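Undergrad: mind looking at a prediction? Sequence and model below.
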Amino acid sequence: MAEKVVLIDGNSIAYRAFFALPLLNNDKGVYTNAVYGFTTMLLKILEEDQPDHLLVAFDAGKTTFRHKTYTEYKGGRQKTPSELSEQFPVLKELLDAFGVKYYQLDQYEADDIIGTLATQAGDKGLDVKVISGDKDLLQLVSDNITVSLTKKGITNVDTYDPAFLLEKMEVRPDQVIDLKALMGDSSDNIPGVPGVGEKTAVKLLKQFDKLEKVYENLDEVSGKKLKEKLESNQDEAFMSKELVTIDRQSPIEVTLEDLAFPGYETQKVTEFFKELGFQSLLSRVQGEAGNDEAAELPDIDIEVVENINSEMFTGQEALVVEMLYDNYHQAPIEGIAIVNDTKKYVLSIEDASKSDEFKQWAEDTNKEKWVFDAKGTVVALLRYGIHVQGITFDLLLASYLINPAENNHDIPAISHRMGENAVKYDEEVYGKGAKMKRPDDDDVFYTHIGRKAQMVYQLKASAEEQLKQNEQFELYKELEMPLALILGQMEHRGVLLDVDRLQGMGDELEGRLETVQAEIYELAGETFNLNSPKQLGPILFEKLELPVIKKTKTGYSTSADVLEQLEEKHEIIPKILLYRQLGKLKSTYIEGLLKVVHEDTNKIHTRFNQALTQTGRLSSIDPNLQNIPIRLEEGRKIRQAFVPSKEGWVMFASDYSQIELRVLAHIAKDEKLMAAFKEGQDIHTQTASEVFGVDKDDVTSDMRRQAKAVNFGIVYGISDYGLSQSLGISRKEAQAFIDKYFESYPGVKEYMEDTVREAKRTGYVTTFMNRRRYLPDITSRNFNKRSFAERTAMNSPIQGSAADVIKKAMIDLDQKLKEDQFQARMLLQVHDELILEAPEEEVEKLKEVVASVMEHTLELNVPLEVDYSYGPTWYDAK
DNA sequence: GTCTCCACGC
DNA sequence: GACGTACGTGGAGACA
């Protein structure tokens, strides 16, 4: 890819920022709004464009060569307010901190500097991006020069390439100057031709192409008045053209090479931000990867150990088991780093796995191990016959609990967030994508993992301190940590897949898909790629002329809800829906699962991500076993391929009934809702009866369906819009439902209001076990952001507390199964249900044990209810 | 490789 | 009236 050059019009952006933002000042009383705005824009460019060359150009002084042509150039402009002009020196300091070059040239404007450099770089075939608020710069647009103009605010831009320019302004880049010459520009005091505005100018240019031609062919101009005006202002027009023409050969003394931008040093920028009081921007540089290469890390003293002996261990060490790939069920262990208060060791997995001393230490419950990702560490080493015990600290889980909104929870990112800089990002050491590999130099590799272990060792104290401060230590230590080990066992154990059965279903689907596909092609009158919405769209909405219901950014929407509305209109529609349904089953579930099944054991080993969701739920990847079909019979049959791993065993599934609504009843202490659960009412019927104001016996199935959707909406925190979509009603009607719901359950309403109020006060919401979710947008002036945050505030405690409940139940159940010496064991968790496998003969006792553990793991002020079932396959456990 | 669209579960 | 609307994962196509 061509190198990227970014040229910023410094004055223009500073002006924009100044006027777009309120007049902020920092604690020293210095105005910083323009600098702040400029910085947000700069950070965005660095993140998104990653320029190889970067320059900020400024205007120099009052007079320019243009004033010789026209003394009134830029006349009548308001003087730059002192609140802004005093920010320019600060802005330049900021650029110095970033290591970004800036330049100004006597008698020239920023435009000319940019024009000259852009032209040079463009000629060399580099990729150029110009950033400004000044439309004049659009004349620079070409195949490899884009110009981004600020819209509202500062970071919001329109990026013009020749096509977009033509679309927006109806001119080519070279016509921009003709356009300005004709219409003038009051802000620069450029006269143009009085009486000619944008419309007329565009019209003239369309007809005559350029200014010179307009005057050569004045006779052909339509309209007497216009002709006169053009005639009498010819000099002004040509002078205007000269004024707005950017000098692309200004005598600049900088070259492209001078503009090389290697990235900034986090340290310097951080310091400067702190000085200016830009607290909110700190996280954007600290989490930034790969920019502090310049600051070489100090060497650390690492001992590469081949002969492991028990003397090495103090009983409190950080342990890092390094793999290059994230699937720890398969990824080879590249090395092991161990750090304690005196030493740093690294070992190869070969040496470690054949060492009795290592195994002894690893499996000794009394020898503390501090790790990053207990689950991955344990599972990876299990493959080498080592069952790690004694893990007392997990940096990954700690970091996740402290703030689930951070999306990067690897050791370097956490370290940087916690103010430690002594470790590189993996990408720097390993590269990324296809080029990712272990460094050829072992020293580099061992140093890297040694540093990681060092970080784990070092950060334990402050991470635990933070958890305690947040009153989350129990959540961490008694819930998530033990759960990690249980999940690890579940993953490692795996679920047996009936591969032949799945294969058989695949073959059958294959045949049916071919048939349906042929029918669709027949009805469409042509063949096309049925999996491509882009190709399907035109067939349905142009060729077959079906009514367009919804559009997407890129074309016609062909989503299921759209197609369902067209079902009656053409017989091709139901076939497409069927094709989609079967195709999904085949590609995602049949082929997808077969792809990841372990070839020796026929088992599937998912990974539960315990440090991802914002609410505290788990997620499942590689494969995702939390979205195996159930709703439609056709898909549900996939579950027949999930079978017990032993002869004479059964699959046993147990799920909470309405756990979220029960949690809601508990938290909100709503009398009616609590009563309904205590009495064992059907909650959807109950809600329908309340919302529609009819007797429970008079609730129709349609009322119940709608009430169910409302309950669903409450649980998931959807908006009136969301509810309107799911019920196919108007937004007003949906809102009416929601209002009615709150009227019916005043306790719920009160809870919702309290929660939002509390979230506004503290900035976060919590669950039963003190899991947190921060909601910075809850005080946003932006209605959408704020509304979303408010719904999140209402919903997260419900969903998150339900997650707490089932997680705790898993710990209790694991304990109980061990205690009572069950052979039965957990395999999967799907948010509100647990799937186990068990010997047939344990089933009777299991029913009772599982249900009672799940129901009583936490006592709420409504009963928790658990349903269970079992059978020879997961399908039968329904 | 990354984005978009679509579809599956809770 | 804004403007994009519960949380996730994954497959396929399109584009670079």
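TA: Good, I have the coordinates.
Undergrad: from now on I want contacts and neighbour counts done on CA atoms only, so please keep to that.
TA: Noted.
Undergrad: so which residues of the stretch 201-350 of chain A form helices?
TA: A:211-216, A:224-232, A:234-244, A:266-276, A:279-286, A:349-353 (DSSP state H, counting those that start in this stretch).
Undergrad: who are the packing partners of whichever strand or helix holds A:L509?
TA: Element membership for A:L509 (DSSP states H and E) is helix A:499-524. Judged by 3 or more Cα pairs under 8 Å, 6 or more residues apart in numbering; DSSP states H and E, helix A:499-524 is in contact with helix A:572-584.
Undergrad: and the helix it packs on, what does it pack against?
TA: Secondary elements touching helix A:572-584 (3+ Cα pairs under 8 Å, 6+ apart): helix A:499-524, helix A:560-566.
Undergrad: what's the closest of these to A:Q466?
TA: Closest approach to A:Q466 among the helices and strands packed on helix A:572-584 is made by helix A:560-566 (46.5 Å; Cα to Cα).
Undergrad: next secondary structure after the helix holding A:L509?
TA: Per DSSP H and E, the first helix or strand lying C-terminal to helix A:499-524 is helix A:533-538.
Undergrad: in that next one, what counts as buried?
TA: Buried residues in helix A:533-538, defined by neighbour count with 16 or more other Cα atoms under 10 Å: A:533, A:536-537.
Undergrad: could you check whether that helix is close to DNA strand C?
TA: Yes. Shown here: helix A:533-538 in contact with DNA strand C (Cα under 7 Å from any atom of the strand) through A:534-535.
Undergrad: so what touches stretch A:549-569?
TA: A:533-534, A:536-538, A:541, A:546, A:548, A:573-574, A:577 (Cα atoms under 8 Å, 6 or more residues apart in numbering).
Undergrad: please see if it touches DNA strand B.
TA: Yes. With Cα under 7 Å from any atom of the strand as the criterion, DNA strand B is reached by stretch A:549-569 at A:552-561.
Undergrad: buried deepest among the helices of the stretch 201-350 of chain A, which one?
TA: helix A:234-244 (a mean of 20; mean count of other Cα atoms under 10 Å).
Undergrad: rewinding a little: mean pLDDT lowest for which of the helices and strands packed on helix A:572-584?
TA: The minimum mean pLDDT among these belongs to helix A:560-566 (a mean of 89).
Undergrad: quick check, the longest helix seen in chain A touching DNA strand B?
TA: Taking DSSP state H as the criterion, chain A has its longest helix at helix A:783-819. No. Figure legend: helix A:783-819 not in contact with DNA strand B (Cα under 7 Å from any atom of the strand); closest approach 9.4 Å.
Undergrad: partner strands of the helix or strand just after that helix, with direction?
TA: Sequence order places strand A:825-829 as the next helix or strand after helix A:783-819, per DSSP H and E. Here strand A:825-829 has these sheet partners by DSSP bridges: strand A:833-839 (antiparallel).
Undergrad: is any part of the strand it pairs with close to DNA strand C?
TA: No. Residues of strand A:833-839 are not located near DNA strand C by Cα under 7 Å from any atom of the strand, the shortest gap being 14.7 Å.
Undergrad: ok and that strand relative to helix A:783-819, angle-wise?
TA: Per axes from the mean of the first three to the mean of the last three Cα atoms, to 10 degrees, the angle that strand A:833-839 makes with helix A:783-819 is 20 degrees.
Undergrad: any chance you could map the strands in the stretch 551-700 of chain A?
TA: A:551-552, A:555-556, A:603-604, A:607-609, A:619-621, A:642-643, A:649-657 (DSSP state E, counting those that start in this stretch).
Undergrad: tell me which two of the contacts of stretch A:549-569 sit farthest apart.
TA: Farthest apart among these by Cα to Cα are A:K534 and A:P574. That separation is 18.7 Å.
Undergrad: spell out which parts of chain A neighbour DNA strand C.
TA: A:529, A:531-532, A:534-535, A:587-588, A:592, A:609, A:612-615, A:619-624, A:627, A:716-722, A:783-784, A:792.
Undergrad: show me the contacts for A:P863.
TA: Contact analysis of A:P863 by Cα under 8 Å, 6+ apart lists A:662, A:677-678, A:855.
Undergrad: looking at those residues, which is nearest DNA strand B?
TA: Minimum distance to DNA strand B across the contacts of A:P863 is 13.6 Å, recorded for A:R662 (Cα to the nearest atom of the strand).
Undergrad: doesn't A:V866 make contact with that closest one?
TA: No. Contact criterion Cα atoms under 8 Å: A:R662 and A:V866 do not qualify, at 11.9 Å.
Undergrad: quick one: which of these two has more around it?
TA: A:R662 (26 against 19; other Cα atoms under 10 Å).
Undergrad: that one: what's it in contact with?
TA: Going by Cα under 8 Å, 6+ apart, A:R662 touches A:674, A:677, A:862-864.
Undergrad: neighbours around A:V597, how many?
TA: By other Cα under 10 Å, 21 other residues sit near A:V597.
Undergrad: helix, strand or coil: sort out A:A57 for me.
TA: Following DSSP: H, G, I helix; E, B strand; the rest coil, A:A57 is assigned to strand.
Undergrad: picking up where we left off before, and of the contacts of stretch A:549-569, the nearest to A:R501?
TA: A:L577 (24.8 Å).
Undergrad: how many neighbours does that closest one have?
TA: So A:L577, with other Cα under 10 Å, has 17 neighbours.
Undergrad: now the residue nearest to the spatial centre of chain A. Nearest residue, chain neighbours left out?
TA: By Cα atoms, centre = their mean, chain A has its centre lying nearest to A:N407, at 7.4 Å. What sits nearest to A:N407 in space, not counting adjacent residues and going by Cα to Cα, 6 or more residues apart in numbering, is A:L612, at 7.6 Å.
Undergrad: how close does that neighbour sit to A:I349?
TA: 29 Å (Cα to Cα, to the nearest Å).
Undergrad: in three-state terms, label A:E167 for me.
TA: Going by three-state DSSP: A:E167 is helix.
Undergrad: look up the pLDDT of it for me, please.
TA: 73.
Undergrad: show me what counts as buried in stretch A:601-616.
TA: A:602-608, A:610-612, A:614-616.
Undergrad: among those, which one lies nearest to A:V423?
TA: Using Cα to Cα, A:A611 comes nearest to A:V423 of these, at 21.5 Å.
Undergrad: distance-wise, check the closest residue to the closest one other than its chain neighbours relative to DNA strand B.
TA: Spatial nearest neighbour of A:A611, chain neighbours left out: A:Y400 (5.4 Å); criterion: Cα to Cα, 6+ apart. Using Cα to the nearest atom of the strand, to the nearest Å, A:Y400 is found at 19 Å from DNA strand B.
Undergrad: and A:Y400, what does it touch?
TA: A:406, A:409, A:611-612.
Undergrad: same list, these, but only the ones touching DNA strand B.
TA: Among those, DNA strand B is touched by none when using Cα under 7 Å from any atom of the strand.
Undergrad: can you redo those as JSON lines with distance to A:T766 and pLDDT?
TA: Below are these laid out as JSON lines (distance: Cα to Cα, whole Å; pLDDT from 0 to 100):
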{"residue": "A:E406", "distance to A:T766": "17", "pLDDT": "89"}
{"residue": "A:H409", "distance to A:T766": "21", "pLDDT": "92"}
{"residue": "A:A611", "distance to A:T766": "16", "pLDDT": "94"}
{"residue": "A:L612", "distance to A:T766": "17", "pLDDT": "92"}
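Undergrad: farthest pair within those?
TA: The most distant members of these, if one measures by Cα to Cα, are A:E406 and A:A611, lying 9.9 Å apart.
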